[in-house]
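*Asks:* Sequence first, predicted model second:
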Amino acid sequence: MNPISSSDVITKEIFIECRPETLFSFFTDPDKLVRWMGRHVLLEPSIGGKYRIDVNGNDIATGEYKEIVPNEKIVMTWGWEKSKLVPPGSSTVEFKLAPKDNGTLLVLTHYGLPVTEIASHQQGWTHYMDRLQMLAQGQDPGLDPWSEQPMH
């Protein structure tokens, strides 16, 4: 095992003006998750439970929940159906929620991606975290423009 170098890890922090329990539901309730990511979402938010996020009919993210600490942390494996570079289960995404001031600091860490896939996932998480922030703060980000077109 190589130690994880920072080059193959994506870390993003974003401050969201809502309580951690409000934000947490956007990761565990499919009706809420689909409003910021994907167009069809299936979730089994329990340890070992599976999820499937159909982004646009072609790009489909799947994996399973590894760790769930209510209102604090979610860890899940991450990959894409039909992808040889990032197959399901090949990488890990961790979301940490920390109360801060009058809201929540959300820290996303994505480990285990091939270096060639870092840029596209970095762009993807930036796009989706902006949408999540709007939604959790009570605004409507509207239909995801990415849900209409293949990403690759």
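*Replies:* Right, received. Where do you want to start? Every value quoted in this text rests on a predicted model; they were computed, and no experiment measured them.
*Asks:* Low-confidence regions, this structure specifically.
*Replies:* 1-7, 150-152 (pLDDT under 70).
*Asks:* switch the cut-off to 80
*Replies:* The chain contains residues with pLDDT under 80 at 1-7, 149-152.
*Asks:* just the helices in it please.
*Replies:* 20-28, 30-33, 118-136 (DSSP state H).
*Asks:* most tightly surrounded among those?
*Replies:* helix 20-28 (a mean of 19; mean count of other CB atoms under 10 Å). In short, each C-beta sits where N, CA and C put it, glycine included.
*Asks:* quick one: contacts of that helix?
*Replies:* 16, 32-33, 35-36, 43, 45, 68, 70-72, 74, 95, 97-99, 104, 106, 132, 135-136 (CB atoms under 8 Å, 6 or more residues apart in numbering).
*Asks:* I'd say Leu33 and Ile53 touch.
*Replies:* Yes. Leu33 lies in contact with Ile53 (CB atoms under 8 Å); the separation is 7.4 Å.
*Asks:* what touches both of these two?
*Replies:* Val41.
*Asks:* Let me know the distance separating Pro70 from Leu23.
*Replies:* Note on Pro70: its distance to Leu23, by CB to CB, to the nearest Å, is 12 Å.
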